[in-house]
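A.B. asks: fold the following.
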Amino acid sequence: MSNADPEPHEIVCHVDTVCTTDARRPRVEIITSREVPLGGPRAMPVRRTLPQRQRSLIGAWCFADHYGPDDVSTTGGMDVAPHPHTGLQTVSWLFTGEIEHRDSLGMHAVVRPGEVNLMTAGHGICHSEVSTPATTILHGVQLWVALPESARDTARNFEHHIPDETPLGGGRARVFLGSLAGVTSPVRTFTPLLGAELVLDAGAEVTLDVDRGFEHGLLVDTGTIRLSGTDVHRAEIGYVGTGVPALTLVNPGDAPARAVLLGGTPFGEEIVMWWNFVGRSHDDIATYREAWQNRSDRFGRVDGYVGTVDRLPAPMLPHAHVRPRRNPPTADPHC
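C.D. replies: Here you go, the predicted model:
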């Protein structure tokens, strides 16, 4: 998915590290979302939880849009013309509806609920995303993962995986990246990551063993989930730092609650995000923008997309460099 902000801010992200005080009672930081119009004929709204001023990254997860349930007869649904990416991976995960994906690798796929589609941009790729004619309600998340320096110029790639449902004793999980509850996804990532859909039964309590070296974010989709004693409401992320061996989740409601659990080791590298690009400097971003505007082979082309424009033009670059946006300190698992 494209970042459709007409005037995207250049964001420089950096992570600091300190020790935690009590891993048995971790502090939960609440990250609220902001509404952003995605575009399309009637500007489908999405709720953006990452990046925010209070936190730019959770592990290598650097971007999270949460949208729906969206009645496409009212909003027009999703219609994002071909647009570029560099230095990242996109992760598409749906709860309801379908999205047709086309990219410059030649991949033509339909994103469906419970099926993960991971596209690696690396050196450069472009793609389009359109909700299918069969879609009446569109509901899901679009996530980006920053690639480390060692892999940010890797070749473009695309992976599709259908994770099995894993019982949790009070709920169920679908692990689409990394490992959780004894299940490991085969989808390749370039830093240690976790991505899983969780559904908790009404009134259920579930404790999940997690990697102490990971920081975690619980993005709540429906209901309210109490994470380590703190209520996380719909469209919020509950963030927990590293050094924590288990997460306790409680659904206090009388209906099932659903969330997406994201995790990873603190990224540890400073990155620059602007529009649909991840680089390491302002000059990187300027180079990517110029290449896209000049229809460089760096990004290739998307065949088969039909829309009012053949590609999204890049916004104007900011006139000045910005100061790094620093996360609050995160815990060191070795303390």
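
A.B. asks: residue ranges with poor pLDDT in the protein?
C.D. replies: Applying pLDDT under 70 to the chain picks out residues 1-9, 13-24, 38-43, 321-335.

A.B. asks: tell me, what residue is most central in it?
C.D. replies: L143 (1.7 Å; Cα atoms, centre = their mean).

A.B. asks: isn't that one right up against W61?
C.D. replies: Yes - contact criterion Cβ atoms under 8 Å: L143 and W61 qualify, at 6.2 Å. Quick note: C-beta positions are derived from backbone N, CA and C, even for glycine.

A.B. asks: for T230, name its beta-bridge partners.
C.D. replies: Here T230 shows beta-bridge partners L227, assigned using DSSP bridges.

A.B. asks: count the neighbours of it for me.
C.D. replies: 15 (other Cβ atoms under 10 Å).

A.B. asks: just the one 3 residues further on next, same as before
C.D. replies: Using other Cβ under 10 Å, H233 has 12 other residues around it.

A.B. asks: please name the nearest non-neighbouring residue to it.
C.D. replies: Nearest non-adjacent residue to H233, counting by Cβ to Cβ, 6 or more residues apart in numbering: T224, 5.2 Å away.

A.B. asks: who are the contact partners of that neighbour?
C.D. replies: D231, V232, H233, R234, N251, P252, G253, A257 (Cβ atoms under 8 Å, 6 or more residues apart in numbering).

A.B. asks: which neighbours do L143 and W61 share?
C.D. replies: L262.

A.B. asks: surely T222 and R234 touch.
C.D. replies: Yes - when contacts are counted by Cβ under 8 Å, T222 is listed as touching R234 (6.4 Å).

A.B. asks: contacting residues for the residue nearest to R226 when sequence neighbours are not counted?
C.D. replies: Ranked by Cβ to Cβ, 6+ apart and with sequence neighbours excluded, the top spatial neighbour of R226 is V250, at 4.0 Å. Neighbour list for V250: L200, A204, E205, V206, I225, R226 [criterion: Cβ under 8 Å, 6+ apart].
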